[in-house]
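1. please work out how this folds:
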Amino acid sequence: MQKNAYLVFGLLALVWGLTFLFNKTSSTLISPEQVVVVRVVIGFIPVFAIAMIRRKLRWAHLRHIHHFAVMSLLAASVYYVSFARGIALLPTSVAGMLSGAIPMFSFVAAAIFLRSEPINRRSIGGLLFGFAGVMLIAQPWNTSVSVNDLAGIGYIAFGSACVGLSFVYARRFLSPLGVSSLALCTYQLGLASITMLLLTDMTNADAIFNDWKIATGLILGLGLFGTGIAFICYYHVVEKLGAVKAASVTYIPPVIGLITGILILGETVTVLHVVAMTIILSGVFIMQSGRTPANLTNTRAHNRPGPA
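-> Residues are numbered from 1 along each chain as shown. Here you go, the predicted structure:
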């Protein structure tokens, strides 16, 4: 069974790594917000189906709908829109590299709001090392960096901060409730679908069908597999391998985002970018190694660590 779990782990890493590509290509035809509408609505369908089959949904859960609403904003609507806007402005490879910093934002949020989060030299050192990698990509001292690049980096950072807060919120308010991760995911995507449909102007959204390859990437790649099935795969890996091993999947998508940006979109990546990504992922590894397994498990178990 563990062998199958590792196969699912590999599939999950690949699918999440490709979300940068699908986000980028879709944003050439429709707005980032419209991309997110399709993503969450399509992603909701398989998650809801599995939750119904496994009988994980309860009417009694409605008493906690305010918590689910907050999670839908932090870990879906705002998070996905921020990343979609950032990816639309940045090269796919750069956005992928920056997404590797998500665990750092999670650590900062946990350190601020959760007293149980251990803070030691290793964790702080890894955090500073990782942020040094982010600064190498952002290069705020470089006057030749465009406004669009800085805005894109800002969107990715804001989205990362939101999903980092969602981990903390889930651990603080949802863990004690005993709501299954699958049920939480269903409510999260369902509420995000409603929110995005109500707030998004869908005028000219049918332009996505001007290119059937891009439309297929958005609907199947980003929506069905990159969101819905990815959630299901992640919770399967958590169940079979544990939350700590499952969380390590976050190291792979940035590399896949880098490779697809170069090979498929023809993006140019400098040695500095590769060094920066290596520093970010190394910093995250050092930071995570300074945290206890219990804290890693509690932080990750009720949410997904996916990048985009």
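
2. now residue 277, nearest residue through space, not along the chain?
-> Computed as Cβ to Cβ, 6 or more residues apart in numbering, the closest residue to residue 277 that is not its neighbour in sequence is residue 97, at 4.1 Å. C-beta coordinates here come from the backbone N, C-alpha and C atoms, glycine included.

3. next, the buried residues of the strand or helix carrying residue 23.
-> Assigning secondary structure by DSSP states H and E places residue 23 in helix 2-26. Buried residues in helix 2-26, counting neighbours by 16 or more other Cβ atoms under 10 Å, are found at 5, 8-9, 12-13, 15-26.

4. ok, the residue nearest to residue 277 - contacts?
-> Shown in contact with residue 97 (Cβ atoms under 8 Å, 6 or more residues apart in numbering): 137, 254, 257, 258, 273, 276, 277, 280.

5. cool, residue 284 as well?
-> Listed by Cβ under 8 Å, 6+ apart, the contact set of residue 284 reads 100, 101, 103, 104, 126, 130, 250, 251.

6. got the residues you listed as TSV, with distance to residue 206, neighbour count and pLDDT columns?
-> Converted to TSV, the contacts of residue 284 look like this (distance: Cβ to Cβ, whole Å; neighbours: other Cβ atoms under 10 Å; pLDDT from 0 to 100):
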residue	distance to residue 206	neighbour count	pLDDT
100	35	30	85
101	35	27	84
103	38	30	83
104	39	25	84
126	46	24	87
130	41	24	88
250	35	24	80
251	38	17	82
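
7. helix or strand for the residue nearest to residue 277, which one?
-> Using DSSP H and E, residue 97 falls in helix 92-99.

8. pLDDT below threshold where in the stretch 151-300 of the chain?
-> 243-244, 290-300 (pLDDT under 70).

9. low pLDDT regions in the stretch 1-150 of the chain?
-> 1-2, 115-118, 140-145.

10. thought residue 177 was touching residue 64?
-> Yes - counting by Cβ atoms under 8 Å, residue 64 is a contact partner of residue 177 at 5.9 Å.

11. coming back round to it: now, the contacts of residue 284 that are in helices?
-> The helices, defined by DSSP state H, take in 103, 104, 126, 130 from the contacts of residue 284.

12. could you find the closest non-adjacent residue to the second one?
-> Spatial nearest neighbour of residue 104, excluding adjacent residues (Cβ to Cβ, 6+ apart): residue 130 at 4.9 Å.

13. residue contacts, that neighbour?
-> Contacts for residue 130 (Cβ under 8 Å, 6+ apart) come out as 101, 104, 279, 280, 281, 282, 283, 284, 286, 287.

14. now do 6 Å
-> 104, 280, 283, 284 (Cβ atoms under 6 Å, 6 or more residues apart in numbering).

15. what's the most distant pair in those residues?
-> Farthest-apart pair in the contacts of residue 130 is 104 and 280; separation 8.0 Å (Cβ to Cβ).

16. where do the strands sit along the stretch 101-250 of the chain?
-> Using DSSP state E, counting those that start in this stretch, no strands are found in the stretch 101-250 of the chain.

17. could you pull out the helices for it?
-> Using DSSP state H, counting those that start in this stretch, the helices found in the stretch 101-250 of the chain span residues 102-113, 121-138, 147-169, 181-199, 212-216, 230-241, 243-247.

18. let me have the ones you listed in CSV, extended by distance to residue 80.
-> Formatted as CSV, the helices of the stretch 101-250 of the chain follow (distance: least, Cβ to Cβ, whole Å):
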stretch, distance to residue 80
helix 102-113, 13
helix 121-138, 20
helix 147-169, 8
helix 181-199, 8
helix 212-216, 18
helix 230-241, 13
helix 243-247, 20
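
19. and these: which comes nearest residue 60?
-> With Cβ to Cβ, the closest approach to residue 60 among these belongs to helix 181-199: 10.8 Å.
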